[in-house]
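**Q** Dropping a prediction and its sequence here:
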Amino acid sequence: MERIADGIYYIGVNDHQLDLFEGQYIVPDGMAYNSYVIVDEKIAVMDCVGSDFADEWLGKLEEVLDGRTPDYLIVQHMEPDHSANLTVFTERYPEAQVIGTIGAFNMMQNYFGTRFAGRSRIVKDGETLSLGTHELTFLTAPLVHWPEVMFTYDATAKVLFSADAFGKFGALDVDQPWDCEARRYYFGIVGKFGKNVQAALAKLDGRDIEAVCPLHGPILSEDLDHYFGQYRTWSSYGVETPGVLIAYTSVYGHTKEAVAFLEEKLLEKGCPRVVVTDLARDDQAEAVEDAFRHGVLVLATTTYNGGFFPPMHDFINHLIDHAFQNRLVAFMENGSWMPAAAKGMRALMEQCAGIEFAEHGVTVKGALDDASRAQIDALAEELAARF
């Protein structure tokens, strides 16, 4: 068993069977489904794990219990990767009380056909529970990232159980930096709900936190200012890294050539960082992450069926769906006889809040020529001046 703090143990599992998280996010390093136990005069289990791991999870729980029985199952989040074994738990421990928000119990009815009447306890924001030494406070965190979510703060151990907040992609038996996969996770899973994240963070102000225990990813116990700082930046849609993302598609290579020329000119003119992504080949979730990370976005694509290339259309819709905002955006288009991509891209991007559009744009008619190279140079000059 893994001890986190006095009386707190980790009983989560690693999933390397999964290829797509939530049916869309590539997870080559798998996922962790975290669960915890607080052992005191009373015993509380913090969330379940995915349905395929019931035996492993219950085995770890039995080891921690050492012959005792749990008094509570605290349900912070009802997404099935955390709640699927709820009925398995309640059948094995019929005396245990189930604790959650009213929204959680409504979802239990939907998933399991029961609200566990007679053994349920609905908690509200700020409500407390004493386990003996450990004093728990429940903090509702609606839409971080489902409406029923709550955090649990253990004032005794100074531990925050943060539901899906501060989570990341990747199993715990794979060593990888937190920031990259936490950022991709945040903007893919939580990113639309920045105001809700800010409200949840505000409830933590003034609380002494020495460890954060999320439902995905590692337990965070060092350099917590960094993790909270990242969440404040991400949830406020601030720029984390000064630089430019160029997101493009190219049919015959001419737009790709134009993008490479823009990248060269940006670096020549002192842009601190340029990231280039091919939307037809690269992971869209990575592209969304990079768009939110940097302060400038260049969209480059070809005119296609009177509009523009489908992977670019999908990418912009992803940005809209995730509340992309407060960025400088520029357009590059290619069209052999009637370029129309820039107009279409701009019409979509106007749905995003706080977008500033670059003064200069680029139109390539087939292949690069002196005129389009001059346009690229002018755009690079404008964009580089922002740094």
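**A** Looks like it arrived, so ask away. Numbering: from 1, shown residues only.

**Q** For the closest residue to residue 295 other than its chain neighbours, list the residues it contacts.
**A** Distance criterion CB to CB, 6 or more residues apart in numbering; nearest residue to residue 295, sequence neighbours excluded, is residue 239 at 3.9 Å. No exception for glycine: its C-beta is placed from N, CA and C like everyone else's. Residues near residue 239 by CB atoms under 8 Å, 6 or more residues apart in numbering: 233, 293, 294, 295, 327.

**Q** Could you tell me how many residues sit around the last one?
**A** Each residue near residue 327 was counted by other CB atoms under 10 Å, and the total is 20.

**Q** again, but for the first one
**A** The criterion is other CB under 10 Å. On that basis, residue 233 has 15 neighbouring residues.

**Q** Find me whatever residue is spatially closest to it, sequence neighbours aside.
**A** Residue 233 sits nearest to residue 240 (CB to CB, 6+ apart), 5.2 Å away.

**Q** Give me the secondary structure label for the one you found.
**A** Counting by DSSP: H, G, I helix; E, B strand; the rest coil, the backbone at residue 240 sits in coil.

**Q** Touching, it and residue 231? I think so.
**A** No - applying CB atoms under 8 Å, one finds residue 240 not in contact with residue 231, separated by 11.0 Å.

**Q** The two - which one has more neighbours?
**A** Legend: neighbour count by other CB under 10 Å for residue 240 and residue 231, higher for residue 231 (21 against 15).

**Q** residues touching the more buried one, list them.
**A** 165, 166, 186, 197, 201 are the contacts of residue 231 under CB under 8 Å, 6+ apart.

**Q** ok, now residue 298?
**A** Residue 298 neighbours (CB under 8 Å, 6+ apart): 244-248, 259, 262, 329-332, 379, 383.

**Q** Could you confirm it falls within a helix?
**A** No - using three-state DSSP, the assignment for residue 298 is strand, not a helix.

**Q** Could I get the full set of strands for the stretch 251-387 of the chain?
**A** For the stretch 251-387 of the chain, applying DSSP state E, counting those that start in this stretch gives strands covering 274-278, 296-304, 307-308, 328-334, 356-357, 362-364.

**Q** Of those strands, which shows the lowest average pLDDT?
**A** Mean pLDDT per stretch puts strand 307-308 lowest among these, at a mean of 84.

**Q** quick check, nearest of the contacts of residue 239 to residue 83?
**A** Nearest to residue 83 among the contacts of residue 239: residue 233, at 30.3 Å, using CB to CB.
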